[in-house]
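[1] Show me how the following folds:
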Amino acid sequence: MFIREAKKKDIENILLMSLESEFIILNETYLNYYFDNSCYFIDLIFDCDNFSGFIIYSLIDGEVEIIDILIKKEFQNKSMGHLLVENIKKNKSVTKIILEVHEKNIKAIRFYEKNNFIFLYKRENYYTFPVEGDALVFLFNCSWKIYRNFLLKTVYKSSNKLYL
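    Numbering: from 1, shown residues only. Just a heads-up that it's a prediction; the model follows:
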């Protein structure tokens, strides 16, 4: 598996893949806008040479907003979505990642919870098309990861016992 930054020549493949999702609405205009603005990024993931998924996100002043993430059905549950998100988390300038997900997109909600995002709040009646419903807003605070790693690496000695 490998990840690479998308190029404009990838637009057609991204659009074709987006048709698999009932929750993602993409068109060529949106994608060109993302490519033409330096705060937006699109990363692609491949299994061998097979285009398997993508993530679209913005990065402004250390804050990432995930716009869309999609993995082809035949590649789901193979850690590809996790690798795309981890690729963002490893960027030293990223302080937090925020996103919204349709309340009916149960697979995505489970994915974000499994990847240590926390539910913040609900935006009622946020989505009107293609599926009406509320948006659930999730957050991953990268400083928690740094603090957790610090604690895991720190060993405290007390009465001949080791505490991690």
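
[2] Might you list the low-confidence residue ranges for this structure?
    Where the chain drops to pLDDT under 70, the residues are 144-164.

[3] Which parts of it are strands?
    Taking DSSP state E as the test, the strands found in the chain are 2-5, 40-47, 50-60, 63-71, 96-102, 118-127, 133-141, 156-158, 161-163.

[4] what helices or strands is the second one leaning on?
    Using 3 or more CB pairs under 8 Å, 6 or more residues apart in numbering; DSSP states H and E as the contact criterion, the neighbours of strand 40-47 among helices and strands are strand 2-5, helix 28-36, strand 50-60, helix 80-89. For every residue, glycine as well, the C-beta is placed using N, CA and C.

[5] nearest to N13, of these?
    Closest of the helices and strands packed on strand 40-47 to N13 is strand 50-60, at 5.5 Å (criterion: CB to CB).

[6] Which elements pack onto that closest one?
    When contacts are defined as 3+ CB pairs under 8 Å, 6+ apart, strand 50-60 packs onto helix 11-18, strand 40-47, strand 63-71, helix 80-89.

[7] Compare these and give me the one nearest Y57.
    Across the helices and strands packed on strand 50-60, closest to Y57 is strand 63-71 (CB to CB), at 4.8 Å.
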